[in-house]
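my questions concern the predicted model and sequence given below.
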Amino acid sequence: MRKKLTAGLMTTCLSAATLALLPAGSAQAAEMMCSPGSQKYTWSTVSKSPVVTHRKAIEHYTDGTVVKTVSAQSVTSITASVTATSGVEVSGNVALASLSGKVGLELKAEGSKTKTTAESIQHRLSTRGKYVLYAGTMKTQGYYTQFRCDRGTRWVNTGNYGKAISFTVATEGGLRCGTSVPAGSLAAYAKRYC
């Protein structure tokens with residue numbers, strides 16, 4: 001019995017000695033789950049929708065194929081922006097970078113705006129009928145909640161929340177009215193102007 005007790009005490013002492021010899025930094029690093037002071041955003045009600053920013057309706061009833069260049073007027077403008085809880089400062093570009101990762105699109109930085117002057121659009125007209133030439137983008141928006149890393153051990157809700165809006169690269173094109181186009185595409189949205 002005394003031998004078992006002695007052996008147990010020796011094992012305990014050796015374990016304690018081993019722990020004491022481990023570098024303090026190693027033990028702390030193992031406990032870190034985030035970088036102290038860093039921030040992250042969680043998103044809800046995120047949406048993506050095509051928006052036509054410029055359009056021009058034309059008709060083609062001449063024989064043969066014609067390449068037409070038109071000056072399409074601006075009909076809608078989008079500004080990338082981030083709103084926050086009253087009195088709170090939030091880095092708009094950091095929030096939009098987070099939203100960009102969420103939706104898998106390259107979004108424009110805060111303050112960016114779609115072109116408000118006329119857009120020159122070229123399209124080949126080969127079939128008789130009415131056409132809509134257009135330019136547009138994918139508008140993205142969502143509501144965020146901000147979290148801060150507390151001493152590297154947990155994420156803490158800062159109580160800061162708000163809304164972010166942005167858009168991706170511009171796209172242009174043309175369609176003959178009556179043509180079938182994919183649902184949810186920019187062309188499908190442009191068909192309403194036929």
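Looks like it arrived, so ask away. Residues are numbered from 1 along each chain as shown.

the closest residue to E110 other than its chain neighbours: what's it in contact with?
With CB to CB, 6 or more residues apart in numbering as the criterion, E110 has its nearest non-adjacent residue at 3.3 Å, and that residue is G92. All C-beta atoms are positioned from the backbone trio N, CA, C, and that covers glycine. Contacts here follow CB atoms under 8 Å, 6 or more residues apart in numbering; on that basis G92 touches A80, S81, V82, A109, E110, G111, A164.

what segments of this structure are strands?
Listed in chain order, the strands found in the chain under DSSP state E are 39-60, 66-74, 81-84, 119-125, 129-150, 154-167, 171-176.

among these, which is the most enclosed?
Of all those, strand 129-150 carries the top mean neighbour count, a mean of 20, counting by mean count of other CB atoms under 10 Å.

I'd like to know which elements that one is packed against.
For strand 129-150, the packing partners by 3 or more CB pairs under 8 Å, 6 or more residues apart in numbering; DSSP states H and E come out as strand 39-60, strand 66-74, helix 92-103, strand 119-125, strand 154-167, strand 171-176, helix 186-190.

send me that strand as PDB with only the CA atoms.
This file holds the C-alpha atoms of strand 129-150, laid out as PDB (Å, rounded to 0.1, in the frame of the first residue of the first chain):
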ATOM      1  CA  GLY A 129     -37.700  44.000 -83.800                       C
ATOM      2  CA  LYS A 130     -37.400  46.200 -80.700                       C
ATOM      3  CA  TYR A 131     -34.200  46.100 -78.700                       C
ATOM      4  CA  VAL A 132     -33.100  47.300 -75.300                       C
ATOM      5  CA  LEU A 133     -29.400  48.100 -74.800                       C
ATOM      6  CA  TYR A 134     -28.400  48.300 -71.200                       C
ATOM      7  CA  ALA A 135     -25.700  48.500 -68.600                       C
ATOM      8  CA  GLY A 136     -26.000  47.500 -65.000                       C
ATOM      9  CA  THR A 137     -24.600  45.800 -62.000                       C
ATOM     10  CA  MET A 138     -25.400  43.400 -59.100                       C
ATOM     11  CA  LYS A 139     -26.500  45.300 -56.000                       C
ATOM     12  CA  THR A 140     -25.700  43.600 -52.700                       C
ATOM     13  CA  GLN A 141     -26.900  44.500 -49.300                       C
ATOM     14  CA  GLY A 142     -27.100  43.000 -45.800                       C
ATOM     15  CA  TYR A 143     -27.500  43.800 -42.100                       C
ATOM     16  CA  TYR A 144     -24.500  43.200 -39.800                       C
ATOM     17  CA  THR A 145     -23.600  42.800 -36.200                       C
ATOM     18  CA  GLN A 146     -20.100  43.600 -35.100                       C
ATOM     19  CA  PHE A 147     -18.100  41.400 -32.700                       C
ATOM     20  CA  ARG A 148     -14.700  42.100 -31.000                       C
ATOM     21  CA  CYS A 149     -12.100  39.600 -29.800                       C
ATOM     22  CA  ASP A 150     -11.800  39.800 -26.000                       C
END
